[in-house]
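Peer 1: starting from these lines, generate the structure:
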Amino acid sequence: MNEFWFVPKQTGYGAVPSTWEGYTLVGAFLFIVLVCAFTAIRREKTYSSIVSPPVKVIAVSTIIFVVVCAWETDGSWG
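Peer 2: Numbers count the residues shown, from 1 in each chain. From the prediction side, this is the model:
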């Protein structure tokens, strides 16, 4: 039951999915990024702050995604 979701890449830095949970996490992350990107493009001129809410969601999602990937990887990324 303690199966890792990702394995380290053979060359380079990072990890690749190895289970359905890993692929689901990558798919959910890509879905969030695409929805936020399209939302930011459609409503480009309606935000009054320097950093729009969709960009903030992408930033937080990326941090969470990287932490979960590192935590669920069998070995190190280096």
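
Peer 1: for the rest of this, base every contact and every neighbour count on C-alpha atoms.
Peer 2: OK.

Peer 1: show me what secondary structure element comes after the helix or strand containing V7.
Peer 2: Following DSSP states H and E, one finds V7 within strand 6-8. Next in sequence after strand 6-8, counting helices and strands by DSSP H and E, comes strand 15-17.

Peer 1: pLDDT on the helix or strand just after that following strand, on average?
Peer 2: Once the chain leaves strand 15-17, the next helix or strand it forms, by DSSP H and E, is helix 20-42. On average, the pLDDT along helix 20-42 is 92.

Peer 1: next secondary structure element downstream of helix 20-42?
Peer 2: Helix 20-42 is succeeded, C-terminally, by helix 53-71 (DSSP H and E).

Peer 1: packing partners for that next one?
Peer 2: helix 20-42 (3 or more CA pairs under 8 Å, 6 or more residues apart in numbering; DSSP states H and E).

Peer 1: what's the angle between the helix it packs on and helix 53-71?
Peer 2: Compare the direction of helix 20-42 with that of helix 53-71 by axes from the mean of the first three to the mean of the last three CA atoms, to 10 degrees and you get 160 degrees.

Peer 1: name the residues that touch helix 20-42?
Peer 2: Outside helix 20-42, the residues that touch it by CA atoms under 8 Å, 6 or more residues apart in numbering are 5-6, 17, 52, 54-55, 57-58, 61-62, 65.

Peer 1: ok so, going back, packing partners of the strand holding V7?
Peer 2: Strand 6-8 packs on strand 15-17, going by 3+ CA pairs under 8 Å, 6+ apart.
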